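Novice: Kindly generate the corresponding structure for this input.
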Amino acid sequence: MYTTKEYLIHSLLLLLTLLTTTLAGAEWLYGKSILASGEAALTWTYFIRSLTFSVPFVGILLVHELGHLITSIYHKVRCTLPYFIPAWLGFLGSPSLGTFGAIIRMKGRVSSRKKYFDIGIAGPLAGFVVAFGVLTYGMLTLPGPEYLYEIHPEYADPNFKGYGEDALEFELGNNLLFWAMGELLADPNRLPSMSELIHYPFLFAGYLALFFTALNLLPIGQLDGGHVLFGLFPKSHARISLITFSGFMTFAGLGVIRPSLPVDDLLLRIPLYLGFLYFCFSKSSLSTLNRVTLALSIGAFQYLLVFVQPAWEGYPGWLFFGFLLGRVMGINHPEVQGFQAVDRNRKVLGWIAILVFILCFSPQPFQMS
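Specialist: As a prediction, this is how the structure comes out:
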């Protein structure tokens with residue numbers, strides 16, 4: 001089915017991604033870099049220890065993609081092997097996860113809602129099961145305080161009062177599942193704060209897996225969640241996808257334009273932002289007039305919300321993803337003949353997938369201040 005060359009290329013990308021995520025993991029977990037010297041240099045010992053992050057993280061991504069692949073083979077739909085995308089940015093002095101994820105590209109035509117549904121849902125559910133297991137293990141085997149003191153010895157000093165106002169603070173945003181697992185499974189005396197989670201390999205890998213799972217299950221366009229939506233709601237999926245995407249962009253850009261900004265800034269920012277919103281809907285089925293109206297409505301609604309509640313903020317990091325969805329991938333789904341919904345068992349799985357999305361989604365997943 002696949003050539004030797006294809007197996008070699010995809011295997012090489014997988015191994016390279018394992019390497020880059022290990023390098024990234026060492027930076028997050030222990031503050032060790034292959035480019036640093038002295039105490040911050042990455043040694044072989046810390047490289048091996050960082051595999052406790054990269055192996056489960058890449059393993060969950062692999063299981064996710066294998067779910068798509070095996071289901072595609074079952075339905076006799078031609079597709080590629082998983083493409084892993086290595087992305088270590090340490091040479092730029094920038095934090096990274098070591099990968100942009102993995103994808104499978106369809107090479108054959110998908111002829112029915114059932115096939116779209118099965119292929120779409122198999123990946124995130126398979127990955128979620130493994131991620132849940134990794135998180136469970138991580139919650140039940142949390143090390144004592146001495147583990148964190150090894151990484152941050154200053155924490156053991158009773159006179160330590162923080163790094164000062166000029167220090168950059170990084171924190172992961174919670175989600176319902178992670179919060180519930182922490183409450184039910186973890187020793188509260190050992191459970192790290194969300195700002196220290198990056199030092200715990202199994203928890204960090206599991207958290208990132210939940211993040212990617214939720215990202216894929218967004219019920220928009222041709223994402224996995226869009227395939228699920230396409231099967232559950234054969235006649236209204238396009239409308240639901242548009243509404244979901246509009247709500248997503250409304251939250252993402254909340255606070256970009258606000259009354260507290262200087263007038264000169266607003267005069268520049270408002271047209272640029274409204275143009276950006278219009279551009280994000282350019283591959284929708286809306287007419288030009290409707291796209292303009294929608295962009296203006298979202299911008300006005302965001303401005304009004306912040307006027308009423310100045311402390312409310314969205315998550316600008318979602319704007320780039322929204323751009324990719326709206327302009328590159330599109331928010332519409334390829335059609336098939338007929339409007340027959342999937343069967344009852346698949347509907348149950350579809351609603352389980354929606355529940356998984358709700359449990360895994362973090363409105364503000366990566367916070368810096």
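Novice: Just the strands from the stretch 51-200 of the chain, written as ranges.
Specialist: Applying DSSP state E, counting those that start in this stretch to the stretch 51-200 of the chain gives strands spanning 83-87, 98-103, 170-172.
Novice: Distance to Gly330 for the ones you listed - can I get that in a markdown table?
Specialist: For the C-beta atoms, the positions are set from N, CA and C on the backbone; glycine is no exception. Output for the strands of the stretch 51-200 of the chain, formatted as a markdown table (distance: least, CB to CB, whole Å):
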| stretch | distance to Gly330 |
| --- | --- |
| strand 83-87 | 20 |
| strand 98-103 | 16 |
| strand 170-172 | 30 |
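Novice: ranking the ones you listed by mean pLDDT, which is last?
Specialist: Note on the strands of the stretch 51-200 of the chain: strand 170-172 shows the lowest mean pLDDT, a mean of 88.
Novice: residues making contact with that one?
Specialist: The contact list for strand 170-172, computed with CB atoms under 8 Å, 6 or more residues apart in numbering, reads 193-195, 197-198, 207, 362, 365-369.
Novice: ok, those residues vs Gly330, which is closest?
Specialist: Set against Gly330, the nearest of the contacts of strand 170-172 by CB to CB is Pro365 (23.7 Å).
Novice: And this structure, split by domain according to the record?
Specialist: 4-218+363-368, 235-337 (automatic domain parsing).
Novice: Now render the strands of the stretch 51-200 of the chain as JSON lines, adding distance to Leu319 and mean neighbour count.
Specialist: Converted to JSON lines, the strands of the stretch 51-200 of the chain look like this (distance: least, CB to CB, whole Å; neighbours: other CB atoms under 10 Å):
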{"stretch": "strand 83-87", "distance to Leu319": "20", "mean neighbour count": "18"}
{"stretch": "strand 98-103", "distance to Leu319": "17", "mean neighbour count": "20"}
{"stretch": "strand 170-172", "distance to Leu319": "19", "mean neighbour count": "18"}
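Novice: who wins for proximity to Gln337 among these?
Specialist: strand 98-103 (26.9 Å).
Novice: Tell me which of the domains of the chain sits most buried.
Specialist: Mean neighbour count (mean count of other CB atoms under 10 Å) peaks for domain 4-218+363-368 among the domains of the chain, with a mean of 17.
Novice: per-residue pLDDT, Ser111?
Specialist: pLDDT, Ser111: 85.
Novice: now swap in Glu165 and tell me
Specialist: Listed pLDDT for Glu165 reads 61.
Novice: Leu277 and Ser297 touch, don't they?
Specialist: No: using CB atoms under 8 Å, Leu277 makes no contact with Ser297, being 9.5 Å away.
Novice: returning to that earlier point: keep only those of the contacts of strand 170-172 that are in helices.
Specialist: When those are checked against helices (DSSP state H), the matches are Tyr207.
Novice: Pull the residues that contact stretch 93-105.
Specialist: For stretch 93-105, contacts defined as CB under 8 Å, 6+ apart pick out 17, 20-25, 27-28, 54, 57-58, 61-62, 64-65, 68-69, 72, 79-90, 208, 212.
Novice: about what we covered before: ok, the contacts of strand 170-172 vs Gly38, which is closest?
Specialist: For the contacts of strand 170-172, the nearest to Gly38 is Ile198 (21.6 Å; CB to CB).
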